[in-house]
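Participant: What follows is a predicted structure for the sequence shown.
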Amino acid sequence: MASTLAAEDEVVELTSELIRIDTTNTADPETLVGEQEAAEYVAAKLTEVGYEVEVLESGAPRRSNVFCRLKGADPDRGALLVHGHLDVVPADPAEWSVHPFSGAVQDGYVWGRGAVDMKNMVGMTLAVARRFKRDGVVPPRDIVFAFVADEEAGGSYGAQWLVANRPDLFEGCTEAVGEVGGFSLTLAEDRRVYLVETAEKGLAWMRLRARGKPGHGSFLHDDNAVTKVAEAVARLGNHRFPLVLTDTVRAFTERMAELTGQEFPEDDLEGALAKLGPLARMVGATVRDTANPTMLSAGYKANVIPSSAEAVVDCRVLPGREKAFLREVDELLGPDVTREWVQNLPAVETPFGTPLTDAMAAALLTEDPGATAVPYMLSGGTDAKSFQSLGMECYGFAPLRLPPDLDFASLFHGIDERVPVESLKFGCRVLDTFLRSC
């Protein structure tokens, strides 16, 4: 007999319990906390309903990942990977209205670090996977469910390691669905666009280093490593890279123009994007490369000029712009500053208007007759960067119908991160429909 427990009936509890497991990823293995505990929680929930689950470490102790496969009706079709990460960025409880690891359910929201990035999608995926297994649902093709570690530090101990060392886990996967897509933007009372991520900028964390002559801080000095790095960082941080309209951004602006009547002229594209409200911060960052200095390190005493100085710059590069970007960077740095990669992951760009995105659009319409799916580019990065190296077409689709006045973009890595209860339930229904028809 089929279960009467729908995925949406337990998604709030699952998401809240996941948030209560502190999986803070500081990028320092010595301070790592709960990824293993979260993996064990997910594995237990999947095993409980009958999945054969594999839990494995990805290159370091306690960097745990969970995999299971649900067989589909057509074994000859390419499998679909549905992936989510278990780690979260740090949070300071003193800055929050509620404790960031409380998983509190109040005022119509589930609160806590990871509520948006991305334990909401992990909770929805887990709820739907459990429903399918309990009810004996056979999807059109195999679905691989993956819950992985270390995304917030680039995936060296997560997706990158898994792709390099255990590609067998992804056998037959031709497409993948993950985070930062499928959320709504309200255009009018009865009209919403749902942004499906079909592209993302490349992620390049760059370390800059200069060397100079050490000496006493009171002397005249014309070979100061700190000065060299500081000047290079200022040049780079103040530089405005050229506006470039990629295929994905062009598709986004053309579709939004049709839906809103608003023009998006290339000579004032950023001004036009700013009219989209809070979303402009996310979409506006996808028309140029960026290089934002984030860390500086030099010296050990106030009166000693050090022999070296370093900086770290967070670079995000548009598809197809890698060589041109580096040429500009090297011109700005000059001859006295060297660079090396801390992390360098490629950009992603995937077609829209495929059978898979058509299935996303159809699933959205079953729950929201005013829904229109629109492609967009993410300014950040996800584990899709790793999975595309195995030949998968990667998308961001974590469906959420959001309140019109919610500044959703600000909640990613933000204070008082939270997700509406009704949005989680909506997302479960859409994800359930999508995975039954994809």
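Facilitator: Sure thing, it's come through. Treat the numbers as computed from the prediction; the structure is a model and nothing was measured.
Participant: Quick check: which ranges of this structure have low pLDDT?
Facilitator: Residue ranges of the chain with pLDDT under 70: 1-4.
Participant: Mind splitting it into its structural domains?
Facilitator: Domain ranges of the chain: 7-198+348-437, 202-242+288-345, per automatic domain parsing.
Participant: got a list of what residue 259 touches?
Facilitator: Counting by Cβ atoms under 8 Å, 6 or more residues apart in numbering, residue 259 touches 187, 191, 193, 372, 374. From N, CA and C alone the C-beta is placed, and that goes for glycine too.
Participant: The residue nearest to residue 118 when sequence neighbours are not counted - how many residues pack around it?
Facilitator: Leaving aside its sequence neighbours, residue 118 sits nearest to residue 179 (Cβ to Cβ, 6 or more residues apart in numbering; 4.4 Å). Applying other Cβ atoms under 10 Å, we find 25 other residues in the vicinity of residue 179.
Participant: try residue 291
Facilitator: Residues lying near residue 291 (other Cβ under 10 Å) number 22.
Participant: And the one 4 residues further on, by the same measure?
Facilitator: Residues within reach of residue 295, counting by other Cβ under 10 Å, total 14.
Participant: Bridge partners for it, pull those for me.
Facilitator: Beta-bridge partners for residue 295, by DSSP bridges, are residue 312.
Participant: and the gap between it and residue 413?
Facilitator: According to Cβ to Cβ, to the nearest Å, residue 295 and residue 413 sit 16 Å apart.
Participant: Tell me who's in contact with residue 376.
Facilitator: Counting by Cβ under 8 Å, 6+ apart, residue 376 touches 181, 195, 196, 197, 198, 199, 248, 249, 252, 283, 286.
Participant: Quick check: PyMOL command selecting the buried ones in the residues you listed.
Facilitator: To isolate the buried members of the contacts of residue 376 in PyMOL, using 16 or more other Cβ atoms under 10 Å:
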select buried, resi 181+195+196+197+198+199+248+249+252+283+286
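Participant: Closest one of the contacts of residue 376 to residue 265?
Facilitator: Distance to residue 265 across these (Cβ to Cβ) is lowest for residue 249, with 13.6 Å.
Participant: ok, back up a step: drop anything exposed from the contacts of residue 259.
Facilitator: For these, a neighbour count by 16+ other Cβ under 10 Å gives the buried set as 187, 193, 372, 374.
Participant: Which ones among the residues you listed lie within strands?
Facilitator: In this view, those that belong to strands under DSSP state E are 187, 193, 372, 374.
Participant: Surely the first one touches residue 193?
Facilitator: Yes. Using Cβ atoms under 8 Å, residue 187 makes contact with residue 193 at a distance of 6.3 Å.
Participant: What ranges does the stretch 1-150 of the chain have for its helices?
Facilitator: 11-20, 35-48, 119-135 (DSSP state H, counting those that start in this stretch).
Participant: Of these, which stretch is the most buried?
Facilitator: Highest mean neighbour count of the helices of the stretch 1-150 of the chain: helix 119-135, a mean of 25 (counted as mean count of other Cβ atoms under 10 Å).
Participant: how far off helix 35-48 does that one point, in degrees?
Facilitator: Angle, helix 119-135 to helix 35-48, by axes from the mean of the first three to the mean of the last three Cα atoms, to 10 degrees: 20 degrees.
Participant: Output the contacting helices and strands for helix 119-135.
Facilitator: For helix 119-135, the elements it packs on are helix 11-20, helix 35-48, strand 64-70, strand 79-85, strand 143-148, helix 421-437, judged by 3 or more Cβ pairs under 8 Å, 6 or more residues apart in numbering; DSSP states H and E.
Participant: which residues are contacting the second one?
Facilitator: The contact list for helix 35-48 (Cβ under 8 Å, 6+ apart) reads 14, 17-18, 21, 23, 25, 53, 55, 62-66, 68, 86-87, 122, 126, 129-130, 133, 145, 147, 149-150.
Participant: Go ahead and measure how far it is from the middle of the chain.
Facilitator: Centroid separation between helix 35-48 and its chain, computed with Cα atoms, centre = their mean, to the nearest Å, is 22 Å.
Participant: again, but for the third one
Facilitator: Relative to its parent chain, strand 64-70 has a centroid offset of 19 Å by Cα atoms, centre = their mean.
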